[in-house]
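>>> Give me the fold of what follows.
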Amino acid sequence: MILDSIERPDDLRRLSHAELEQLAAEIRAFIVQAVSQTAGHLGSNLGAVELTLAVHRVFESPRDAILWDTGHQAYVHKLVTGRREGFSRLRQAGGLSGYPSRQESPHDWVENSHASTILSYAHGLAVAREAKGEQGRVVAILGDGSMTGGMAYEALNNLGHSGRNVIIILNDNGRSYAPTISNLFSQSLTRIRLNPVYMRRQRRMETLLGNLPLVGRQAERALDAVKAAIREMWEPTAFFETLGVRYVGPIDGHDVPALEHALRNATEFDGPIVVHVLTQKGRGYPPAEDDDEKCLHDAPVFDPITGPPRWAPTGYTQAFADAVVKEAEHDPQVVAITAAMPGPTGLLPFQERYPDRFIDVGIAEQHAVTAAAGMAMGGLKPVVAIYSTFSNRAWDQVVYDVGLHQLPVVLCLDRAGITGDDGASHHGLYDLALFTKVPGMTVLAPSSAQDLQLMLHEALQAGGPVVIRYPKGTARQVAEHEVGTGLRALRRREGRDACVLAVGKMVGAAEEAAARLADEGIEVTVWDVRCCAPLDQEMLDDAARHPVVVTAEDGIREGGVGSAIADRLHRPVTVLGIPVAFIPHGKPDDILHQLGLDAEGLAASVRSAVAAGLTPDAP
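Residues are numbered from 1 along each chain as shown. Next up, the predicted model:
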């Protein structure tokens, strides 16, 4: 196999184009097999094989900085930069990250998993290299909807204004940007504009006209006008060049010779240039080509012969999916908004049922929240469904566009707490500490599927801003009489020796810990906090009567719900939560165990506090 001989990018340059075709097929088979065993991002990487090979044949990584956005399309990049053996532990604890990782390789410049950022990195790196007189090109590869995020346009505007030398490869796989660009450019015009002879002649003509005595400026402006008119005729989306960024394309992203030709010629230009590349997501593997939702995001462990199973929401996501459709059935003012995640957030059933009341804004969380504020001002009841980690990007909008106006926007934050395989950038650790600090914000944390459904109904009637945060994975199922109501906490167990106040997912662990301690003669009261802001006074009063108080949450400990409870009680409280640290990828249950946030760890903390007769703050 040719793949076995590829240890570094230099090895690609000795291959013929026929050998590259064989290598591309081997890489696709390797990725399918690897992802089928570990789970991971499948379609995006199958579509970027030839593009990655061409990039590494033309540019010299790491001297040339190759930057990926989004990072989950970089599996092939990892393969050709010497990390083939690591794929056996892809996204496993202590193993290969599912994204570029600076700790893994000098070929990885940015640990990028939140989209639309790479052009800003590229601009900054180009500025630094110019200032220090360093050699090497900056190459930014954008794909999977990165150009739907506003930050990309902010950077593009600055790149065009500054004229910095950055090569921007727009990997258009038809998921987001294709409808606005792909059919608007002719192949013949692209070939002309990629021709270095044409470009050198154009530069000479511009210099010649500019140097003409008396009429040089007028002649130069006339040439610009002619060029602008041609662009308007042939390129109705002369958007990039209006910003000062040259555009060439589209190029067949699965034709290595064509890609190499385009990329080498792009190096002839001064200033930023976009090379628009068309690729097919999931290419070469029919199950991935045919399943849009799996191509759009990541695949679970699967049989490589049959392919990934059809996507379906599970756990809390399924509970939310059912609940939001039910609410929309009874209230025509309910609308659903997401940021490029209709499937993973459970909104596909809503979209199918109520397409006119569903809005996908792309990778634009800030816009999603402020647009929801506008909808609420207009009398609608917007439900914004995004991942907890991505809600960080809309913090300003939550505070000043929603919170300041006390607008009835419901933010449903999926994947809250420890999420696992995607690592530090995807754990939802900050929502509790952040959103509980917004004046007038109600923050809810369900501990069961039934509680989530009830909370959504009550949130839509609240008349003000509400956050509902819930974890990834299996949801607890409880009987109707075990579901709380309103903004009240729910006492799930009574005991005299200690009181545990648990948030969301921690409730199940707390109940199990209490059962273990009861066998040892330690009686523990367990409260399901449910409403993290405002806190239930009855719960606080009951906790104050216990000799030992312990809080448990799967968000950061400092400034979290436990800290707020301790402030209200004015007494020592053992506050358990996530440390302020970047938590690496691993299985959620293993990570929670290591942090002492499972039943065993909670029982140990309570046991220790009871034995000591006091509860000093945890270190």
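>>> When you work out contacts or count neighbours from here on, use the C-alpha atoms and nothing else.
Fine.
>>> How about the contacts made by the most centrally placed residue in the chain?
The C-alpha lying nearest the average C-alpha coordinate of the chain belongs to residue 114 (CA atoms, centre = their mean; 4.4 Å). For residue 114, the contact set (CA atoms under 8 Å, 6 or more residues apart in numbering) comprises 69, 70, 71, 390, 425.
>>> For residue 99, see how far away it is.
From residue 114 across to residue 99, the span is 10 Å (CA to CA, to the nearest Å).
>>> Mutual contacts of the two, please.
Listed as contacting both residue 114 and residue 99 by CA under 8 Å, 6+ apart are residue 71.
>>> quick one on the thing from earlier: what kind of secondary structure is the residue nearest to the centre of the chain in?
Per DSSP: H, G, I helix; E, B strand; the rest coil, the local secondary structure of residue 114 is coil.
>>> quick one: low-confidence ranges for the chain?
Along the chain, the parts satisfying pLDDT under 70 run over 112-113, 144, 174-237, 290-298, 311, 614-619.
>>> pretty sure residue 38 is touching residue 90, no?
Yes - assessed by CA atoms under 8 Å, residue 38 is found in contact with residue 90 at 6.1 Å.
>>> between these two, who's got more neighbours?
Legend: neighbour count by other CA atoms under 10 Å for residue 38 and residue 90, higher for residue 90 (22 against 18).
>>> who's in contact with that one?
34, 35, 38, 40, 96, 97, 98.
>>> rerun at 10 Å
Neighbouring residues of residue 90 by CA atoms under 10 Å, 6 or more residues apart in numbering: 34, 35, 37, 38, 39, 40, 75, 96, 97, 98, 99, 421.
>>> Please apply the same query to residue 478.
Residue 478 neighbours (CA under 10 Å, 6+ apart): 447, 448, 449, 450, 451.
>>> hang on, the earlier thing: for PyMOL, what selects the buried ones among the contacts of residue 114?
Entered in PyMOL, the line below selects the buried ones among the contacts of residue 114, by 16 or more other CA atoms under 10 Å:
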select buried, resi 69+70+71+390+425
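>>> will you turn the contacts of residue 114 into TSV that also has distance to residue 563?
Below are those laid out as TSV (distance: CA to CA, whole Å):
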residue	distance to residue 563
69	37
70	36
71	35
390	24
425	24
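>>> Relative to residue 510, which of the contacts of residue 114 is nearest.
Nearest to residue 510 among these: residue 425, at 27.1 Å, using CA to CA.
>>> number of nearby residues for residue 87?
Burial of residue 87 is recorded as 23 neighbouring residues (other CA under 10 Å).
>>> Please shift the residue numbers so they start at 429 in all later answers.
In the new numbering, first residue 429, that becomes residue 515.
>>> Would you agree it is in contact with residue 463?
Yes - with contact defined as CA atoms under 10 Å, residue 515 and residue 463 form a contacting pair (8.4 Å).
>>> domain assignment for this protein?
431-613+663-706, 743-897, 918-1040 (automatic domain parsing).
>>> So which of these is nearest residue 737?
Nearest to residue 737, of the domains of the chain and by CA to CA, is domain 431-613+663-706 at 11.0 Å.
>>> Could you give the separation of that closest one from the chain centroid?
Relative to its chain's centre, domain 431-613+663-706 lies at 18 Å (CA atoms, centre = their mean, to the nearest Å).
>>> What's the end-to-end length of that domain?
Using CA to CA, the end-to-end distance of domain 431-613+663-706 comes to 25 Å.
>>> on that earlier part again, so which of the domains of the chain is nearest residue 912?
Residue 912 sits nearest to domain 918-1040 of all the domains of the chain, at 5.8 Å, using CA to CA.
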